[in-house]
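Trainee: No sequence on hand, only this structure:
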């Protein structure tokens, strides 16, 4: 099992208000040996657009991988999205890690993407196989319920073949979709026991579809704070994981993060994204301290 540990960036006004902030952060991540950097997609909060942020990191770094956690597909033209991600993977030497999802359950976000909630899953289920074909085939004809193309091409192709795509989500339908369509799973707001259950459901769905999932392709996004868990976060965890204690889901120190990663490794996960809930005042010091505690778990 190849354990890899990355870092996620959410709303970070201090970092983004500094013209060189994201560049220095990418430099620190690469210097310290983090595997990857991840950007969530939120239209109605101060996160960077993931495609823009990943493009910046691709040009700034040489080794650091990057991905969206996760990119919202419903509402997007799959041909244009396939083109953008293929281009990013090529110019970065194969460092783009696509991860897709339906988007959060938030009316303002749904309005931004102009897709009704009931339409999100069918949109993703048609768009994702179409994008896979565009990355792999020279010419694509497709006639579906939402997209109709003849002689479509995406050039240049991604650097990596196959260009693997992971899915987020934790509902039973989302786990089944991952088994049927994806190459891996990026879980969030979860615990080791839920990961064990999720992997079993994904592998069963994959077997039913005549597919297999690489056992190295299970990942977890772990939120963390240094100290007490803010009440809004505790309420969010309770809503998403009512059968879990908040401290099973959110790390409360760097040492706690290392222990949580070890527990998830035992559960079958091997890829991790550590995500700060509150923005550090000194990003370099925070990354140095977290690396000292956690990166020894990488293999």
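Mentor: Here it is on my side, so go on. Since we're looking at a predicted model, the values are computed, not measured. Residues are numbered from 1 along each chain as shown.
Trainee: Please point out which parts of the helix or strand of the chain with the lowest mean pLDDT sit buried.
Mentor: Across the helices and strands of the chain, mean confidence by mean pLDDT, DSSP states H and E is lowest for helix 107-113: a mean of 81. By 16 or more other Cβ atoms under 10 Å, the buried positions in helix 107-113 come out as 109, 110, 113. The way it works is simple: take the backbone N, C-alpha and C, and place the C-beta from them, glycine included.
Trainee: Which parts of the stretch 151-299 of the chain are helices?
Mentor: Listed in chain order, the helices of the stretch 151-299 of the chain (DSSP state H, counting those that start in this stretch) span 172-181, 192-208, 231-240, 246-249, 254-267, 283-294.
Trainee: who are the neighbours of the fifth one, in terms of helices and strands?
Mentor: Meaning helix 254-267. Under the contact criterion of 3 or more Cβ pairs under 8 Å, 6 or more residues apart in numbering; DSSP states H and E, helix 254-267 touches helix 192-208, strand 218-224, strand 271-276, helix 283-294.
Trainee: will you turn those into TSV that also has mean neighbour count and mean pLDDT?
Mentor: Below are those laid out as TSV (neighbours: other Cβ atoms under 10 Å; pLDDT from 0 to 100):
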stretch	mean neighbour count	mean pLDDT
helix 192-208	18	98
strand 218-224	24	98
strand 271-276	23	98
helix 283-294	17	98
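Trainee: Okay, now the unreliable bits of the stretch 1-150 of the chain?
Mentor: Within the stretch 1-150 of the chain, no range satisfies pLDDT under 70.
Trainee: mind listing the helices for it?
Mentor: So, for the stretch 1-150 of the chain - with DSSP H, counting those that start in this stretch - the helices run 13-17, 21-32, 50-60, 78-91, 107-113, 117-136.
Trainee: Out of those helices, flag the one nearest residue 196.
Mentor: helix 117-136 (24.7 Å; Cβ to Cβ).
Trainee: Now do the buried residues in the closest one.
Mentor: Neighbour-count burial for helix 117-136 flags 120-121, 123-128, 130-135 (criterion: 16+ other Cβ under 10 Å).
Trainee: Now tell me what touches stretch 94-102 from outside.
Mentor: 36, 38, 54, 58, 61, 63-74, 85, 88-89, 120-121, 124, 128, 158-160, 163-169, 174, 182, 186 (Cβ atoms under 8 Å, 6 or more residues apart in numbering).
Trainee: measure that stretch end to end?
Mentor: 25 Å (Cα to Cα, to the nearest Å).
Trainee: Distance-wise, check the residue nearest in space to the middle of the chain relative to residue 44.
Mentor: Of all residues in the chain, the one closest to the mean position by Cα atoms, centre = their mean is residue 69, 2.8 Å from it. Distance of residue 69 to residue 44, given as Cβ to Cβ, to the nearest Å: 17 Å.
Trainee: One more: residue 254?
Mentor: Distance of residue 254 to residue 44, given as Cβ to Cβ: 31 Å.
Trainee: So between the two, which is more surrounded?
Mentor: Taking neighbours as other Cβ atoms under 10 Å, residue 254 and residue 44 compare with residue 254 leading, 18 against 11.
Trainee: returning to that earlier point: select, out of the helices of the stretch 1-150 of the chain, the one closest to residue 298.
Mentor: Nearest to residue 298, of the helices of the stretch 1-150 of the chain and by Cβ to Cβ, is helix 21-32 at 10.9 Å.
Trainee: list the helices and strands the closest one packs on?
Mentor: helix 13-17, strand 36-39, helix 50-60, helix 283-294.
Trainee: report the angle between the axes of it and helix 283-294?
Mentor: 30 degrees (axes from the mean of the first three to the mean of the last three Cα atoms, to 10 degrees).
Trainee: got the buried residues for helix 21-32?
Mentor: Buried, per 16+ other Cβ under 10 Å, within helix 21-32: 22, 25, 26, 28, 29, 30.
Trainee: Please state the offset of it from the chain centre?
Mentor: The chain centroid and the centroid of helix 21-32 are separated by 19 Å, computed with Cα atoms, centre = their mean, to the nearest Å.
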